[in-house]
Every structure is written in C-alpha cells, then in structure tokens.
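Chemist: Here's a sequence, model it:
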Amino acid sequence: TLSASSTVSGTGFSTYLASPPAIGGTAAAAGSFTTLGASGAVTLSGGTANGVAYLNGSKVLTTGSALVFDGTNLGLGVTPSAWYSGWKAIDVGNGAIATAGTPDFRLYSNAYKNTSAVDTYKGTGQASYYIQNNGIHSWGIAPSGTAGNAITFTQAMTLDASSRLGLAGITSPSASIDVGSAVTSQQSLIVRNSANSYFLLTGIGSQSVGIAWNAANASLFVSKDSTTNRSINASGTVNVGGLDYAEYMIKSSDFTIAKGDVVGINANGKLTNVFADAVSFVVKSTNPSYVGGDVWGTPEALGLSKLKDDATDEEKATFNAALEAARQNVDRIAFSGQVPVNVTGATAGQYIVPIANQDGSIGGQAISESEMTLQQYMQSVGKVISVVGHVTTIIVKVA
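Modeler: As a prediction, this is how the structure comes out:
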C-alpha cells in the first residue's frame with residue numbers, strides 16, 4: 001500500500017515508474033493516495049456496476065459516466081475540445097458552457113472557439129450561441145456546417161443593458177424594439193394570421209414580396225387579403241391628423257402646383273394649369289388624412305424590377321432616379337374635407353370660383369352665393385368656412 005509519505009526504492013523502481021500499476025482498482029487494498037497530481041490529462045471513469053469516484057469527499061461521477069479534465073477545460077461525457085487560450089469551458093455532449101473571463105458567460109450548441117480563436121463546428125449540423133456580457137444578452141445562429149469547419153454566426157437577437165431589443169441584424173438597438181432588415185429579404189417584421197394576409201412593418205420602400213408596393217418610403221406597409229382585398233378591418237374609429245381625402249393625379253406637363261392652388265383637369269383626365277384647357281377644377285391638398293391612387297411609384301409603373309437586398313449602388317441609383325422622375329409627374333389633389341386655398345379677400349359663406357389669370361393660368365376668386373351664376377357654382381371648388389389671418393379654408397366641392 002502506497003501513501004503520500006511512502007518511500008519507494010530498489011532496482012525495479014525505474015520499471016515501476018515506466019509502467020505503474022492501477023490505483024484504486026478492483027482490489028480495495030491496491031493503493032491509497034491522499035494526493036494525486038498530473039501534468040497531463042486526467043481521465044476518471046465510473047467503471048463497473050456500482051463504481052463511483054470521490055474528489056475531496058464529493059462524489060464526482062456515477063455508474064457509466066465519464067469526466068475528462070485537460071488542465072483547463074472539463075468534459076462531461078466527452079473529451080473537451082481544444083479551446084482558445086484563456087477560455088475556460090465545460091463541454092457537455094454537443095454543447096458547451098464557456099467563459100472568456102469576467103463578466104463573460106456563454107452557452108454554445110455544436111460550437112466552440114478553437115486555438116486560433118475561430119468559431120468552429122463541434123459536429124455536423126446547425127450551431128447557435130447565447131452570450132451574456134456586461135448586461136447585454138445576445139443570441140446567434142449559424143446554418144448547418146461540417147465538423148471542424150469555421151462558423152459564421154449571425155447575431156439574430158440582442159437585448160441590451162437598457163432593456164432595448166434588437167432583431168434581424170440590429171446589434172445595438174436604439175429603441176424599445178429595433179427591427180432591422182431580414183437576412184434574405186427587405187421585410188423587417190411580418191405577422192401572419194393566414195396564408196393570404198399579414199402586416200409588414202418596415203422602413204424600406206421597395207419590397208420583395210408579391211404585392212404591388214409603392215416604392216416611396218413609409219413606416220408601415222399593410223398587404224391585402226387575396227380573397228376579400230381587405231387590408232385593415234377596425235371595429236372602432238381610425239383617428240388621423242389630416243383634414244382631407246386626396247388622390248394622386250398625373251400632370252399633363254411639367255409645372256409646379258403649390259399647396260392650396262386651384263388647378264384644372266383637362267379632357268384627358270390630367271392636371272393642367274391652363275384655364276382654357278380645363279373642363280373641371282380642383283384644389284391641391286395641403287394636409288391629407290388619406291391618399292388614394294398611390295400606384296405611380298410601383299416598380300411596375302416605373303418599368304423596373306423590384307430592388308433586392310443585394311442590389312448594387314448603380315441599380316439603387318437608377319431606381320431612385322426613376323422614382324424621383326415619376327414623382328414630378330404627379331400631385332395630390334383634394335376630393336373631400338377641409339383644405340386651405342390660395343385666395344385672398346374671402347369671407348365665410350362665399351364660394352371659391354376659378355378664374356383665368358392674365359397669363360392664361362388658373363386662379364381663384366371668392367363670390368357670394370347670391371351673386372353666383374349656375375355655371376360659376378358648377379365650376380366652384382368649395383365653400384369658405386373660415387378665414388384666419390391670410391388663411392382661407394374651404395369645404396371641398398368636386399364636380
């Protein structure tokens with residue numbers, strides 16, 4: 001029996017050191033060490049039926065289990081991977097609990113940091129991680145890969161120390177919920193309730209989904225149900241800040257219409273600023289609540305393909321140039337509601353009637369109901385409801 005204070009001598013000592021006998025084998029008296037040291041790896045196994053091992057009085061393994069310690073990292077049921085220097089890890093099957101030092105804490109699935117500090121697949125399949133560092137929580141994902149190959153993780157979700165959540169590529173969220181563009185499309189956030197309808201929250205104007213989205217930027221895009229064509233069904237009121245309902249109309253030529261200007265519609269249904277060409281008259285919207293006819297900026301209307309995430313700078317510049325050119329050809333015209341009009345000298349109760357300016361352009365004048373002809377009433381664009389300072393507001397009348 002050997003102990004920590006035993007002295008071993010004799011001519012067979014070198015042979016003994018070269019091939020030492022098993023310690024703690026099936027024979028209870030085979031050996032008894034109070035201290036065990038090793039410069040290499042130490043492997044402990046549970047052995048047969050009721051075998052257990054104790055370390056400093058604590059049971060560290062039970063029947064059929066294995067514990068492998070390589071001097072830095074510990075393997076439970078597996079030999080620990082060759083982790084990067086300075087990292088400490090517990091390998092458990094195909095996962096690992098690891099730390100790169102205070103205050104870093106990590107959980108890996110099918111991954112480890114190799115000796116070159118490269119994220120590496122432990123086995124063949126998908127990989128993921130969860131990291132907690134300085135109060136920031138991060139979740140990463142990676143597609144299926146081959147054991148031993150390098151991993152390219154995508155940080156799919158981040159919860160920062162201020163309780164702000166970042167999704168779809170946002171690693172430093174700046175809002176309570178900060179959603180970036182998705183990896184394979186321009187959609188930021190989709191909530192589906194069927195195969196036919198969903199809503200899309202995004203900051204990108206051109207969409208890759210199969211709906212005729214307008215290319216102009218907006219905060220919220222809502223698709224339509226493919227059967228009913230409904231986009232929004234609200235059981236209560238929908239409150240908005242605008243004052244009128246407007247529609248986009250195409251201009252007959254390149255001219256500028258100011259908010260509140262009286263403008264004509266020619267025989268082709270296009271906007272004109274020439275009085276003689278007008279068959280009807282309208283007013284440009286100033287503050288619309290709803291805008292119809294918003295199809296002028298669709299990729300189809302522009303004659304271009306929808307922009308993709310991998311579009312080149314040249315493709316983006318071409319698309320934006322076409323969009324801006326199309327924007328110059330349309331304007332928002334008020335068809336109902338309250339609209340300021342660029343006419344002075346009016347009083348409440350009068351009607352705004354279009355007139356021809358000296359240069360042939362279109363203007364407006366206020367006429368009292370008692371002084372109007374039938375033709376003037378038919379051509380009028382609205383009735384004055386208030387005059388505050390230099391602002392004359394009408395209730396729109398469109399014939």
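Chemist: Correct me if wrong: residue 395 contacts residue 338.
Modeler: Yes. In this structure, residue 395 is within contact of residue 338 by CB atoms under 8 Å, at 6.3 Å. Glycine gets a C-beta too; all of them are placed from N, C-alpha and C.
Chemist: shared neighbours of the two, which are they?
Modeler: residue 385 (CB atoms under 8 Å, 6 or more residues apart in numbering).
Chemist: quick one: low-confidence ranges for the stretch 151-300 of the chain?
Modeler: 180-213, 219, 223 (pLDDT under 70).
Chemist: wait, what's in contact with the closest residue to residue 362 other than its chain neighbours?
Modeler: Spatial nearest neighbour of residue 362, chain neighbours left out: residue 275 (5.0 Å); criterion: CB to CB, 6 or more residues apart in numbering. Neighbour list for residue 275: 264, 354-357, 360-362 [criterion: CB under 8 Å, 6+ apart].
Chemist: coming back round to it: between residue 395 and residue 338, which is the more surrounded one?
Modeler: residue 338 (17 against 14; other CB atoms under 10 Å).
Chemist: So that one: helix, strand or coil?
Modeler: Following DSSP: H, G, I helix; E, B strand; the rest coil, we place residue 338 in the strand state.
Chemist: Give me the neighbour count for the closest residue to it other than its chain neighbours.
Modeler: In this structure, residue 338 finds its nearest non-sequential neighbour in residue 243, 4.4 Å apart by CB to CB, 6+ apart. Around residue 243 there are 17 other residues, counting by other CB under 10 Å.
Chemist: Tell me which residues touch residue 243, please.
Modeler: 286-289, 337-339.
Chemist: mind redoing it with 10 Å?
Modeler: By CB atoms under 10 Å, 6 or more residues apart in numbering, residue 243 lies in contact with 285-289, 334, 337-340, 393, 396.
Chemist: What of residue 286?
Modeler: 242-244, 246, 258-260, 332, 334, 338-342, 391, 393.
Chemist: among those residues, which are in strands?
Modeler: Judged by DSSP state E, the contacts of residue 286 include 244, 246, 332, 334, 338-341, 391, 393 as members of strands.
Chemist: from the residues you listed, which would you call buried?
Modeler: Buried by 16 or more other CB atoms under 10 Å: 244, 246, 332, 334, 338-341, 393, out of those.
Chemist: need the residues you listed in TSV with distance to residue 293, can you?
Modeler: Formatted as TSV, those follow (distance: CB to CB, whole Å):
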residue	distance to residue 293
244	14
246	9
332	9
334	13
338	20
339	17
340	21
341	21
393	24
